[in-house]
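In: Would you be able to build a 3D model of this:
(one chain, ligands or ions: 1)
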Amino acid sequence: MFATAPLQYRGVPAVPSPSRVTVAFLAAQALLLAGGVVGDTTLPAYLVVLAAPLLALAVTLRRALSETEPAVRWGWACVAASLGVWSLGQAGNLWWEWGLGQHALPHRAILLLFQLWAVPLLLLLARPWREREPHTAFGLDVLQALALSLVWFWLTWGSLAPDSAPDAPGLSVQLWLIDTQNLYLGVGMAVCWSAAVSSAERTLFGAMSLHVGLYTLGAALNNHLTVHWPEAVTPAWSSLITLAFLPLVWLAWPGARSLPSPWPLPSRRWEFLVRSVSPMLLSGTLLLLSLRLVRLDYGWGVAGVLLAAGASAWRSTLAQVQHRLKSESLRRQRRKLARIAWTDALTGVPNRHHLKQVMARLQQPERRRHPPRDWTVMMVDVDHFKPLNDQRGHRYGDACLRQVAQALSGTLARPDDVLVRYGGEEFLALFPATSHRDAPGLAERLRGAVEALALQHPASPSGCVTVSVGWASHSEQTGELDMDTLIAQADLALYRAKCEGRNRVAGMA
Ligand SMILES: Nc1nc2c(ncn2[C@@H]2O[C@H](COP(=O)(O)OP(=O)(O)OP(=O)(O)O)[C@@H](O)[C@H]2O)c(=O)[nH]1
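Out: Got it, this is the predicted structure:
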């Protein structure tokens, strides 16, 4: 009987479930911020808002380390990196407002950190999933994602004075730009979610769609209310942005159940479309935003346009090169497979499939205009092969077959002559443009070549391995060539040679 109780590992502490951790976090947040435990000061709110992404960072990093699918591992690592940058921004906020007592817009560097949060997420969206790419393409993607974030930063905050108050005129336009950026990332994640194939991929993009979606909503509410209705936004309310990070804690928890998808499994065409378009996402968006930036800052705008154009040109060149290399290697593999498929593994001479190929080639239109007038087919069979196997073993029999095949091949003189292994110890030789006048001499050459090998055969009357050959010839004057009939006639002739005592040739004109 096997024990059915769950195994207990001594010394390993029980791992809490993601639901317990999330609920505990929310309870702690509620205790801190509601109930008047700490009043309405900003410090606890800032600490809670810093704790949530740090917790999500720890969980996603652990998930990245334990993930087995390389593409998904890379994805979780990107998420962890973005959470790290966001946490830095939040720490900056804390220092700015609580440490320095500033209540105007945060320092530019802090705003920049909140913008750079998007860089790893842009890279996550732009990677061609599961495809290996050269390092240069990745380097260019990193450069473009950075440039895109900087351009976005420029467009959002560039025109605003550093010391603007939270209710400065024109600020709401900037906030709409932030919303657009968050929405862009959220829609991107949802599209990737809809094209995800494996359950690990679906969990990653599903969790990120929830995270970015909630973050977009929370940030929009927070930012717009702060500008238009400042008294409504207490630190307790704005700390609810933590809700955006908790789905990551829940879903990225190693071993957590995978997220059920609201979409049906993607069709091959949709998956293909999303994966093919995503690498061009960065260049396209950078180009559009840089064109907008040109009006504000000509130099940087043009630099952005050039980077986007150069990167997409480089990418398409790489794609061309990769395509050429792949099709070249496919062609080589196809040739190799064809060689394997048409060659007899034991003797190394062509097999029966090859015979069909040869027949098709000889009857190609350009050949049909001047087809060979005469054809000869020969069936060659090793004599007394069964007793040879019985007395000397199959290994010796195989070695003899190999040598016989090589000797027979060696007698073929013209490029169109073919020798194939037709069955166990039976070979077929096809001689186009060979008439019944030349056939007996050729057949004798085949027989003699094997006899000359002088391979020991204790059960043969001659003491060595011999073959019998039956030949049949077809001439143009006798009508259309029917290869099956010709082979059947050569077989009959072989039977005659066997009956007449073996180690001889017999034919049918
Ligand atoms: N070692 C070896 N034996 C093979 C192979 N293919 C077929 N054989 C053997 O070849 C033998 C053919 O036997 P038979 O058809 O009776 O012909 P035979 O003994 O040569 O007699 P005759 O053709 O009448 O002279 C069988 O024992 C097969 O097992 C092979 O690839 N390797």
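
In: Can you give me the neighbour number for Leu150?
Out: Counted by other Cβ atoms under 10 Å, the residues lying close to Leu150 total 20. (C-beta placed from N, C-alpha, C; glycine too.)

In: pLDDT score assigned to it?
Out: Model confidence at Leu150, expressed as pLDDT, equals 93.

In: For the helix or strand harbouring it, buried residues please.
Out: Element membership for Leu150 (DSSP states H and E) is helix 135-157. The neighbour-count check on helix 135-157 (16 or more other Cβ atoms under 10 Å) flags 137, 140-141, 144-157 as buried.

In: What parts of the protein come near the ligand?
Out: Where the chain comes near the ligand, counting by Cβ under 6 Å from any ligand atom, the residues are 346, 381-386, 389, 394, 397-398, 401, 424-425, 498, 502.

In: Kindly recompute the last result at 5 Å.
Out: Neighbours of the ligand within the chain, by Cβ under 5 Å from any ligand atom: Asp383, His384, Phe385, Lys386, His394, Gly397, Asp398, Gly424, Glu425.

In: Most proximal residue of the stretch 401-509 of the chain with respect to the ligand?
Out: In the stretch 401-509 of the chain, the residue found nearest to the ligand is Gly424; the distance is 2.5 Å by Cβ to the nearest ligand atom.

In: How far does stretch 102-110 stretch from one end to the other?
Out: Using Cα to Cα, to the nearest Å, the gap from the first to the last residue of stretch 102-110 comes to 13 Å.

In: How far away from the center of its chain is stretch 292-304?
Out: Taking Cα atoms, centre = their mean, to the nearest Å, one finds the center of stretch 292-304 at 37 Å from the center of the full chain.

In: For that stretch, what is the spacing between the initial and final residues?
Out: End residues of stretch 292-304 are separated by 10 Å (Cα to Cα).

In: again, but for stretch 412-426
Out: Taking Cα to Cα, the first and last residues of stretch 412-426 lie 17 Å apart.

In: And for stretch 290-308?
Out: Using Cα to Cα, the distance between the terminal residues of stretch 290-308 is 9 Å.

In: And that stretch, what's buried?
Out: Ser290, Leu293, Asp297, Trp300, Gly301, Ala303, Gly304, Val305, Leu307, Ala308.

In: related to what we said a few turns ago, packing partners of the helix holding Leu150?
Out: Counting contacts by 3 or more Cβ pairs under 8 Å, 6 or more residues apart in numbering; DSSP states H and E, helix 135-157 is packed against helix 108-116, helix 118-126, helix 171-195, helix 268-296, helix 298-342.

In: Poorly predicted segments of the stretch 301-450 of the chain, please.
Out: Along the stretch 301-450 of the chain, segments meeting pLDDT under 70 span 363-372.

In: Could you confirm Gly401 falls within a helix?
Out: No Gly there; residue 401 is Leu. Yes - membership of Leu401 in a helix is supported by DSSP: H, G, I helix; E, B strand; the rest coil.

In: Now, the residues of the chain next to the ligand that are in helices?
Out: Phe385, Lys386, His394, Gly397, Asp398 (DSSP state H).

In: what number of residues lie near Gly348?
Out: By the other Cβ under 10 Å criterion, the neighbourhood of Gly348 contains 12 residues.

In: related to what we said a few turns ago, selecting buried members of the ones in helices among the residues of the chain next to the ligand in ChimeraX, what would you type?
Out: Selecting in ChimeraX just the buried members of those, where the criterion is 16+ other Cβ under 10 Å, is done with this command:
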select :385,397
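
In: farthest-separated two in the ones in helices among the residues of the chain next to the ligand?
Out: Spatial extent of those (Cβ to Cβ) is set by the pair Lys386 and Asp398 at 13.9 Å.

In: List the buried residues for stretch 260-272?
Out: Going through stretch 260-272 with 16+ other Cβ under 10 Å, the ones that come out buried are Ser261, Pro266, Glu271.

In: In contact with the first one, which residues?
Out: To tie it back to what came earlier, the one meant is Ser261. Trp193, Ala196, Arg202, Gly206 (Cβ atoms under 8 Å, 6 or more residues apart in numbering).

In: Can you tell me which of those lies closest to Leu57?
Out: Checking these against Leu57 with Cβ to Cβ, the nearest one is Gly206 at 18.9 Å.

In: In contact with that closest one: list those residues for me.
Out: The neighbourhood of Gly206, defined by Cβ under 8 Å, 6+ apart, consists of Trp193, Ala196, Leu251, Leu259, Ser261.

In: okay, the angle between the one helix or strand it maps to and helix 118-126?
Out: Using DSSP H and E, Gly206 falls within helix 199-228. For helix 199-228 and helix 118-126, the angle between their directions (axes from the mean of the first three to the mean of the last three Cα atoms, to 10 degrees) works out to 140 degrees.

In: quick one, helix 199-228 and helix 108-116 angle?
Out: Using the same axes, to 10 degrees, the direction of helix 199-228 lies 140 degrees away from that of helix 108-116.

In: List the buried residues in helix 199-228.
Out: For helix 199-228, burial by neighbour count (16+ other Cβ under 10 Å) applies to 199-224, 226-227.

In: if we can go back for a sec, with distance to Leu240 as extra columns, can I get the buried residues of stretch 290-308 in TSV?
Out: Converted to TSV, these look like this (distance: Cβ to Cβ, whole Å):
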residue	distance to Leu240
Ser290	35
Leu293	34
Asp297	36
Trp300	36
Gly301	38
Ala303	39
Gly304	36
Val305	40
Leu307	38
Ala308	37
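
In: now for these, which pair is the farthest apart?
Out: The most widely separated members of the buried residues of stretch 290-308, counting by Cβ to Cβ, are Asp297 and Ala308 (15.7 Å).

In: just the residues of the chain next to the ligand now: which is nearest Thr60?
Out: Distance from Thr60 was checked for each of these by Cβ to Cβ. The minimum falls on Asp398, at 60.0 Å.

In: pretty sure that closest one contacts Leu346?
Out: Yes - contact between Asp398 and Leu346 holds when scored by Cβ atoms under 8 Å: they sit 6.0 Å apart.

In: and which of the buried residues of stretch 260-272 is nearest the ligand?
Out: For the buried residues of stretch 260-272, with the ligand as the reference and Cβ to the nearest ligand atom as the criterion, the closest is Glu271, at 47.2 Å.

In: Hmm, that closest one is touching Val197, no?
Out: Yes - judged on Cβ under 8 Å, Glu271 makes contact with Val197 at a distance of 6.2 Å.

In: Number of residues surrounding the residue nearest to Thr466 when sequence neighbours are not counted?
Out: Setting aside the residues directly before and after it, Thr466 is nearest to Asn503 in space (Cβ to Cβ, 6 or more residues apart in numbering), at 3.8 Å. Applying other Cβ under 10 Å, we find 21 other residues in the vicinity of Asn503.

In: what sits against Asn503?
Out: Contacts of Asn503 were listed using Cβ under 8 Å, 6+ apart, and they are Asp383, Arg447, Glu451, Ser462, Thr466, Val467, Ser468.

In: mind checking the SS state of Leu430?
Out: Bear in mind the rule, three-state DSSP; under it Leu430 is strand.
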